[in-house]
Structures are given as C-alpha cells and as structure tokens.
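Below: sequence and its predicted model.
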Amino acid sequence: MEEEFLELLNQINRDGVDKLITYIEKTDFFKAPASTRYHGDYEGGLLEHSLNVYNLLKEKLSHKPYLDIVNVSDETIIIVSLLHDLCKANYYSVDYRNKKNEDGIWVKEPYYTVNDTIPYGHGEKSVMMISKFIDLSLEEMYAIRWHMGFTEPKEMYNTISNAYTKYPLALALHEADLEATYILESRKGK
C-alpha cells in the first residue's frame with residue numbers, strides 16, 4: 001500500500017511535492033491508525049483509509065451527477081483524497097491498559113490514544129500542513145477543510161452547506177470519506 005500511495009503522490013506536478021513526500025515518510029503516516037476505535041484502528045489504518053477514499057472518490061467522480069458538475073484533474077483527486085487526513089500523522093500514541101484475557105489473567109493490552117501536539121482542528125490542520133509544502137487551489141482547500149461534513153458543530157452547518165454548493169468536490173470527498181469509514185473499514189475484523 002505504501003508503494004501505491006507514493007506512486008500516486010509522485011504524479012503530482014507541483015513545486016514542493018518532493019519535500020511533502022519526504023515529510024510524510026518521516027512521520028508515522030504509513031503505520032498510524034485512522035482512528036482510536038471507530039475505523040482503521042490498527043497499524044496502517046490511516047494509509048488504508050486514504051487509499052480507500054482515493055479509489056471511492058475517483059469512481060464517484062466518473063458518474064452522474066458529479067460527472068456533469070465536477071471537473072477536476074487526477075492531481076486534485078490524488079491530493080484531496082490521499083492527504084485529507086494528513087493531520088493524523090504523528091497524532092496517535094500507544095498506551096497500555098490492564099485487561100483480563102480469555103483465561104481470566106490480567107495482561108497489559110496496547111491501545112491508541114490521541115496526542116494532539118498541534119491543536120488546530122481537523123480539516124483545517126490538514127490544509128495548513130499540506131500548504132507548507134505545495135500550493136492548493138481554493139477547491140482543494142475547501143474539499144479538505146470540510147471533508148468531515150456535518151460532524152462539525154451545528155453552528156457550522158450553514159457554512160458547510162455553502163461550501164458544498166460552491167465546491168461540489170467537497171461534498172464528493174465527504175461522501176467518499178463516509179463510505180470508506182462506514183462501509184469498507186468499520187466492518188473489518190468484525
């Protein structure tokens with residue numbers, strides 16, 4: 001999966017992409033979970049989730065209604081899908097808790113916890129991190145910023161609606177993220 005991810009990123013033809021790739025390779029992105037317990041809560045979950053979102057978004061944009069209203073480059077699809085959760089690099093830590101095993105013996109069990117050293121939100125943090133290396137279009141920024149959709153505070157709902165109306169790519173990314181999370185990944189291992 002790491003090789004596929006890097007091959008896709010290497011298709012981006014923007015100044016600074018080499019530095020972005022170097023940065024990602026120095027983080028725990030390829031080993032990080034996608035969440036602590038909801039989906040992809042295992043080593044490599046973030047990488048798998050990012051590739052799932054890429055595949056779903058690419059497929060989604062090839063069909064109506066998106067085919068008629070969203071005209072984006074393959075480069076934009078790669079950027080928004082693979083990097084929408086860049087904020088989760090170096091975000092999780094492993095801790096241990098006591099738990100009884102199947103024999104009733106207490107053992108230390110590892111689990112993921114959040115270690116947010118850059119408390120800047122979620123989508124906006126990914127935009128900020130990516131922008132340190134490459135220029136993003138407004139459409140890319142909006143898509144990444146609002147990929148969490150209506151899980152944002154209700155005070156933001158009008159803003160989200162306006163963003164989705166102005167930039168349908170943002171809605172398509174949100175949908176692909178939900179589909180990856182709740183259809184492909186939440187059932188894994190269950």
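Right, received. Where do you want to start?

contacts and neighbour counts: CA atoms only from here.
Noted.

max-length helix in the chain?
Secondary structure of the chain per DSSP state H: the longest helix is helix 45-60.

Any buried residues in it, and which?
45-58, 60 (16 or more other Cα atoms under 10 Å).

Using CSV, list the CA coordinates for the helix or strand just after that helix.
Next along the chain after helix 45-60, taking DSSP states H and E as the criterion, comes helix 66-69. Output in CSV follows, covering the C-alpha atoms of helix 66-69 (Å, rounded to 0.1, in the frame of the first residue of the first chain):
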residue,chain,number,x,y,z
TYR,A,66,-20.6,14.5,-10.4
LEU,A,67,-19.5,13.8,-13.9
ASP,A,68,-21.7,16.8,-15.0
ILE,A,69,-20.7,19.3,-12.3
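
In helix 66-69, which residues are buried?
So helix 66-69, judged by 16+ other Cα under 10 Å, has zero buried residues.

likewise stretch 180-187?
Buried-residue list, stretch 180-187, by 16+ other Cα under 10 Å: A180, T181, E185, S186.

farthest-separated two in these?
A180 and S186 (8.3 Å; Cα to Cα).

Strands of this protein, start to end?
Ranges of strands in the chain, per DSSP state E, are 92-100, 106-114.

got the contact list for G44?
Counting by Cα atoms under 8 Å, 6 or more residues apart in numbering, G44 touches F29, F30, K31, A32, P33, A34.

okay, which residue is most central for this protein?
D85 (2.9 Å; Cα atoms, centre = their mean).

contacts for the lowest-mean-pLDDT helix or strand in the chain?
Counting by mean pLDDT, DSSP states H and E, the chain has its least confident helix or strand at helix 66-69, which shows a mean of 82. With Cα under 8 Å, 6+ apart as the test, helix 66-69 has contacts from K60, L61, P168, A172.

can you tell me how far the closest residue to the second one other than its chain neighbours sits from R97?
In this case it means L61. For L61, ignoring the flanking residues on the chain, the nearest one in space by Cα to Cα, 6 or more residues apart in numbering is L67 at 5.6 Å. With distances taken as Cα to Cα, to the nearest Å, L67 is found 49 Å from R97.

now do L46
23 Å.

Kindly report the same for D103.
Taking Cα to Cα, one finds D103 at 17 Å from R97.

Settle it for me: which of these two has more neighbours?
R97 (10 against 6; other Cα atoms under 10 Å).

what is that one paired to in the beta sheet?
Using DSSP bridges, the bridge partners assigned to R97 are E109.

show me what contacts it?
So R97 contacts K108, E109, P110, Y111 (Cα under 8 Å, 6+ apart).

related to what we said a few turns ago, name the nearest of the contacts of helix 66-69 relative to V72.
L61 (8.7 Å).

mind listing the helices for the chain?
Using DSSP H, helices in the chain cover 2-9, 17-26, 45-60, 66-69, 74-83, 123-131, 138-145, 157-166, 168-179.

I'd like the distance from the shortest one to the chain centre, please.
The chain centre lies 23 Å from the centre of helix 66-69; the measure is Cα atoms, centre = their mean, to the nearest Å.
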